[in-house]
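Visitor: Below are the sequence and a predicted model; questions follow.
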Amino acid sequence: MLDVILDTNHWIALKENQNILSKFEKSKRRHGFNVLFTRPNFIDLAKWDQQDTLSDIIAEITDTYVVVEDYNSDGYHYSDDPLLIPPPEIRDNLKEYTLDFGAAKTLRFLFRSMEQDPDEGFSDLSRELSDIHDEGGESYLKMAAFWRYVERDDDRARVELSDASKLGYVRRQLTVEHAKQIQPNENIETQDYVDMEICAYAIYASDAFVGEKKWINQDIIPNVCEGIEGDDGPILMKSLDEFFAVFPEV
């Protein structure tokens, strides 16, 4: 069964346009694909309004919730219960409040109760990595991003990834590809951090990703996948119109 991940803006499109939502539901019934909803999707949607409507749509369409707890492992967790979304340290505490809620009501509760703070250090880190790339080239950039995997032989240093997990590689290589694209006067948005997290989930957990044009057009995901043996990455689409062209509802 095909696993599909949507970027957050496409979840919002489903909420704001009943016709698009209806087409998506018909396409899903016809083709039988599996819709995944990720933790970064939730974090991204937490700042939007009409979360009750979003909760109903997410619960109706999502087959599986997926989260990563440890990027240095090769495992991510699946569940049909949205209570997988909160971090493990608060998950058990929330469980007693959501007993017998059902998916939509649980999501509404999570949107109201979970605080989502952006990674404020992302912009500074991205600029530092971009400067390293501009001054030293891609090899120095990669050593900075993969500093845990740098090995030294006499006066030479190299990145040795044989012991790196796929999840760890994907997440770090995304920062490399992102830093290579940054322009000198570009305003690096904190939002990019969440977007990259969704791209990471798309690479290791999906077969098809309906992403944001900004990320698809830069070929960041294919560039990351080039370093993963035997993995060409997900089918990439920039819009739901492209998705419906591949998976028509009738």
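Guide: That came through fine. All of these numbers come straight from a predicted model, not from anything done at the bench.

Visitor: Can you tell me the closest non-neighbouring residue to the spatially most central residue of the chain?
Guide: Nearest residue to the geometric centre of the chain (Cα atoms, centre = their mean): residue 198, 1.1 Å. The spatial neighbour of residue 198 that comes closest, neighbours along the chain excluded (Cβ to Cβ, 6 or more residues apart in numbering), is residue 40 at 4.8 Å. In this view, the C-beta of every residue, glycine as well, is placed from N, C-alpha and C.

Visitor: tell me the contacts of the one you found?
Guide: Contacts here follow Cβ atoms under 8 Å, 6 or more residues apart in numbering; on that basis residue 40 touches 194, 197, 198, 201.

Visitor: Helix, strand or coil: sort out it for me.
Guide: With DSSP: H, G, I helix; E, B strand; the rest coil as the basis, residue 40 sits in helix.

Visitor: and if you look at residue 187?
Guide: coil.

Visitor: how much space between it and residue 127?
Guide: 10 Å (Cβ to Cβ, to the nearest Å).

Visitor: Compare those two (neighbour count), which wins?
Guide: residue 127 (15 against 6; other Cβ atoms under 10 Å).

Visitor: I figured that one hits residue 189, correct?
Guide: No: counting by Cβ atoms under 8 Å, residue 127 sits too far from residue 189 to count as a contact (11.9 Å).

Visitor: Would you map the helices across the chain?
Guide: Here the chain has its helices, by DSSP state H, at 8-16, 18-31, 39-45, 51-61, 88-95, 103-113, 122-136, 138-145, 166-181, 191-205, 213-217, 220-225, 240-246.

Visitor: Quick check: bridge partners of residue 36?
Guide: For residue 36, the beta-bridge partners are residue 5, residue 64 (DSSP bridges).

Visitor: doesn't residue 67 make contact with it?
Guide: No: when contacts are counted by Cβ under 8 Å, residue 36 is not listed as touching residue 67 (10.4 Å).

Visitor: ok, residue 57 - contacts?
Guide: Contacts of residue 57 by Cβ under 8 Å, 6+ apart are 11, 14, 15, 21.

Visitor: so can I have JSON lines of these showing pLDDT and neighbour count?
Guide: JSON lines is the format used below for the contacts of residue 57 (pLDDT from 0 to 100; neighbours: other Cβ atoms under 10 Å):
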{"residue": "11", "pLDDT": "96", "neighbour count": "22"}
{"residue": "14", "pLDDT": "96", "neighbour count": "22"}
{"residue": "15", "pLDDT": "94", "neighbour count": "21"}
{"residue": "21", "pLDDT": "97", "neighbour count": "17"}
